[in-house]
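Chemist: okay, sequence plus prediction incoming.
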Amino acid sequence: MVVFLDTSLVHSSEVQPWFHIVAYLQQIWWFEVDGAVKFPFPADIYTLSFRLHLGRFCKRLGRRVCTFEHTHGWDIKPVRFKLSTSDGQEASCECCLDDTEHDETNGNHKRGCWIDYKVGEFVVSDSEPAAEVRFSMKQIDCTHSKGGLCVDSVFIIPSDLRKPKRKGVFK
């Protein structure tokens with residue numbers, strides 16, 4: 001699976017930072033999400049994050065609920081997140097999306113919540129020429145199946161606008 005960021009909304013007065021259609025991966029052996037955007041960013045420090053969700057939303061008795069029947073395999077091997085810019089800056093990180101070894105008294109709070117996974121930061125010193133930013137998330141180990149992941153969006157925002165202790169944000 002390859003998902004590209006729709007940059008046609010960048011020049012719109014109503015910029016929406018999410019995809020029109022959320023990709024839901026029910027059963028896969030490997031996956032790869034790649035994208036790129038070329039834009040004259042104003043000079044600043046920017047943070048790139050992926051917005052993901054474990055589980056699938058559906059309606060039951062008129063209420064929106066989240067089911068986890070197909071959610072599996074994300075605790076076995078980590079997902080690798082990467083970003084690179086046209087001027088040579090790079091950042092990467094790895095994490096298991098369904099890490100259940102955290103606070104067991106409060107339950108598995110990663111499931112059923114939209115989580116922003118911070119990939120890294122990059123610096124734009126001048127808006128000319130336009131900066132190209134490439135980003136990806138991959139889990140291509142084919143030794144086990146995985147499923148139950150929703151991929152919503154990629155955020156590129158100035159780092160000083162990012163709230164450091166916002167609920168649902170993991171490094």
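Modeler: Yep, it's here. Numbering: from 1, shown residues only.

Chemist: from the centre of the protein, give me the residue that's furthest out.
Modeler: Centroid-distance maximum for the chain: Leu61 at 30.5 Å, with Cα atoms, centre = their mean.

Chemist: now that one: phi and psi?
Modeler: Leu61 adopts backbone torsions of phi 50, psi 40, taken as degrees, to the nearest 10.

Chemist: again, but for the one 3 residues further on
Modeler: Backbone geometry at Arg64, expressed as degrees, to the nearest 10, gives phi -80, psi 120.

Chemist: chain neighbours aside, what residue packs nearest to it?
Modeler: Counting by Cβ to Cβ, 6 or more residues apart in numbering, Arg64 lies nearest to Phe57, which is 5.8 Å off, once chain neighbours are set aside. Yep, even glycine has a C-beta here, placed from its N, CA and C like the rest.

Chemist: can I assume that neighbour is in contact with Arg63?
Modeler: No - with contacts counted by Cβ atoms under 8 Å, Phe57 stays clear of Arg63, the gap being 10.6 Å.

Chemist: which one of these two has more residues nearby?
Modeler: Shown here are Phe57 and Arg63; by other Cβ atoms under 10 Å, Phe57 has more neighbours (13 against 7).

Chemist: ok, His144 - contacts?
Modeler: Trp29, Gly73, Ile76, Lys77 (Cβ atoms under 8 Å, 6 or more residues apart in numbering).

Chemist: what's the residue minimising distance to the centre of the chain sitting at in phi/psi?
Modeler: Nearest to the geometric centre of the chain sits Phe50, at 1.7 Å (Cα atoms, centre = their mean). Phi and psi for Phe50, reported as degrees, to the nearest 10, are phi -100, psi 140.

Chemist: so which elements touch the helix or strand that contains Val154?
Modeler: Using DSSP states H and E, Val154 sits in strand 149-158. Strand 149-158 is packed against strand 23-25, strand 31-39, strand 44-54, with contacts defined by 3 or more Cβ pairs under 8 Å, 6 or more residues apart in numbering; DSSP states H and E.
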